[in-house]
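Visitor: Here is my input, please return the structure:
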Amino acid sequence: SDLLFPGCELTASTKSYTFQVDEEDDSDHILALSVVCLTDGAKDECNVVEVVGRNHENQEIAVPVANLKLSCQPLLSLDNFKLQPPVTFRLAAGSGPVHLAGWHQIVHREDASFEEDDDLSEEEVEELAPIMPAKK
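Guide: This next block holds a predicted model:
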């Protein structure tokens, strides 16, 4: 089931927001970031938004996902950039306000039967046309 992620706003006084799910919940959660934009009151300065998460070795990593400036790029579409909660959004530079919006999907484990449907049989794979090089 998809749920709307109500979003969050990062400012000089609230520089980070953490989205987390109940650790007791055995469902799979996906958070997708759709849009990052400057809102009313933003100054013409660079506003860098980072996503802070954990890598496969459980080490914290921070990745900049947006650098917004009122005069040249006040809004950025992230095309549903998928993240695995828990994840923190941090205003690494600038004073905002920066609004983040997207959606949150919950996949219940018993609903995971779709994984079996994704596998193509060997016959179906053979029927696919070969990829031809582009003509120049």
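Visitor: residues in contact with the closest residue in space to Leu78 that isn't next to it in sequence?
Guide: Spatial nearest neighbour of Leu78, excluding adjacent residues (C-beta to C-beta, 6 or more residues apart in numbering): Leu33 at 4.8 Å. Every residue, glycine included, has its C-beta placed from N, CA and C. Residues in contact with Leu33 (C-beta atoms under 8 Å, 6 or more residues apart in numbering) are 51, 65, 78, 80-81, 83, 100-102.
Visitor: Closest one of the residues you listed to Ser13?
Guide: Of all the contacts of Leu33, Leu100 has the smallest distance to Ser13: 16.3 Å, by C-beta to C-beta.
Visitor: For the closest one, grab phi and psi.
Guide: Per-residue torsions, Leu100: phi -120, psi 140 (degrees, to the nearest 10).
Visitor: number of nearby residues for it?
Guide: Residues within reach of Leu100, counting by other C-beta atoms under 10 Å, total 22.
Visitor: Pairing partners for it in the sheet, please.
Guide: Beta-bridge pairing for Leu100 (DSSP bridges): Cys8, Val36.
Visitor: and if you look at Thr18?
Guide: With DSSP bridges as the rule, Thr18 is bridged to Thr88.
Visitor: Okay, and which of the contacts of Leu33 map to strands?
Guide: Using DSSP state E, the subset of the contacts of Leu33 located in strands is 51, 65, 78, 80-81, 83, 100-102.
Visitor: Going by residue numbers, what spans are strands in this protein?
Guide: Under the criterion DSSP E, the chain contains strands at 2-10, 16-19, 28-38, 47-54, 60-68, 75-83, 87-93, 98-107.
Visitor: tell me which strands and helices the shortest one is in contact with?
Guide: When you say that, I think you mean strand 16-19. strand 2-10, strand 87-93 (3 or more C-beta pairs under 8 Å, 6 or more residues apart in numbering; DSSP states H and E).
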